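dropping a prediction and its sequence here:
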Amino acid sequence: MDGYVPEPTDLVISVDSATVRRGRAKLLTDVSWHVELDERWVVLGPNGAGKTTLLNLVAARTHPTAGTVHLLGERMGAVDVFELRPRIGLATALLAEQIPADETVANVVVTAAWGVVGRWREEYDTLDEERALALLSQLGVAELAGRLYGTLSEGERKRVQIARALMTDPELLLLDEPAAGLDLGARESLVQRLSALALDPDAPAIVLVTHHVEEIPPGFTHALLIADGGVVASGLMDDTLTGENLSKTFGIPLELTRNGDRYTARAV
Ligand SMILES: Nc1ncnc2c1ncn2[C@@H]1O[C@H](COP(=O)(O)OP(=O)(O)OP(=O)(O)O)[C@@H](O)[C@H]1O
């Protein structure tokens, strides 16, 4: 990092010396991280590194035990999180589990406008319906709008979850391992969609958590590497995503290869 830290109000995410404890366990230790609106970050780290804990922190789902977190200019602890959360789009496996299998795909997306899963008697206006369809189209699954969510393949579900996360027109989009469990074709197709989103100047700031460098979509600008609850390296993609930093992060000697705008890594 170059040492320049903008005012918290200019930042989408400002995590400063944050520590998260659960009982005697320290899940995150003294983590600092700053994200601006036009940045697209990938968060990489091994199992148990603290990625999900960090994502919960910046999704206004968890408070730090020590340190401060500002989200979208608001200080956590001094803001009503229920007003803040609709401004943050979140797609995680845990949230996906709560989506009813017998809901139509269009409803899965449109219900995000009301912060609920499952359509009951809410009235949605036509604009919401149109926006849901436009997002499904952007993710390449418009033809699934009338299908029941429970009948979709895993790859199709992931796209619908991302469309749902975008429904409230968030200023920050958080994606926790969106390519987990996808076959090669579905993964590549999702990476392409995420790349298009990353390159869209109107898209929100994006944070994508993954275990695999192969899943980094072209257009992502920054990387945060974490291990054992702490930051190993953080900053611009080219400076941060190196074999040396990956080796430190994953605890084994790794070689990183860049092929055009994609990456692969293997043990050496
Ligand atoms: N409530 C808790 N009490 C104690 N330890 C916890 C608690 N929740 C999480 N942990 C531990 O904190 C560490 C970080 O967990 P976290 O889920 O953030 O990791 P992660 O990087 O997302 O892992 P993965 O890649 O496996 O999903 C793990 O070792 C986990 O076991």
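Yep, that arrived. Numbers count the residues shown, from 1 in each chain.

for the rest of this, base every contact and every neighbour count on C-alpha atoms.
OK.

quick one: contacts for the residue nearest to residue 12 when sequence neighbours are not counted?
The shortest distance from residue 12 to any non-neighbouring residue, by C-alpha to C-alpha, 6 or more residues apart in numbering, is to residue 72 (4.4 Å). With contact taken as C-alpha atoms under 8 Å, 6 or more residues apart in numbering, residue 72 is in contact with 9, 11-13, 171.

now do stretch 80-99: everything it contacts.
In contact with stretch 80-99 (C-alpha under 8 Å, 6+ apart) are residues 59-60, 108, 115, 117-118, 161-162, 165-178.

so which of the residues you listed sit within helices?
108, 161-162, 165-166 (DSSP state H).

residue 42: which of these is nearest?
Relative to residue 42, the closest of the ones in helices among the contacts of stretch 80-99 is residue 162; by C-alpha to C-alpha it sits at 15.9 Å.

for the closest residue to that closest one other than its chain neighbours, grab the count of nearby residues.
Once flanking residues are discounted, residue 162 sits nearest to residue 91: 6.1 Å by C-alpha to C-alpha, 6+ apart. Residue 91: 23 surrounding residues under other C-alpha atoms under 10 Å.

quick one, which of the contacts of stretch 80-99 are buried?
59-60, 108, 117-118, 161-162, 165-178 (16 or more other C-alpha atoms under 10 Å).

residues contacting residue 59?
The contact partners of residue 59, by C-alpha under 8 Å, 6+ apart, come to 85, 88, 90, 174.

flag every residue of this structure that's near the ligand.
Selection of the chain residues close to the ligand by C-alpha under 6 Å from any ligand atom yields 22, 25, 27, 46-53.
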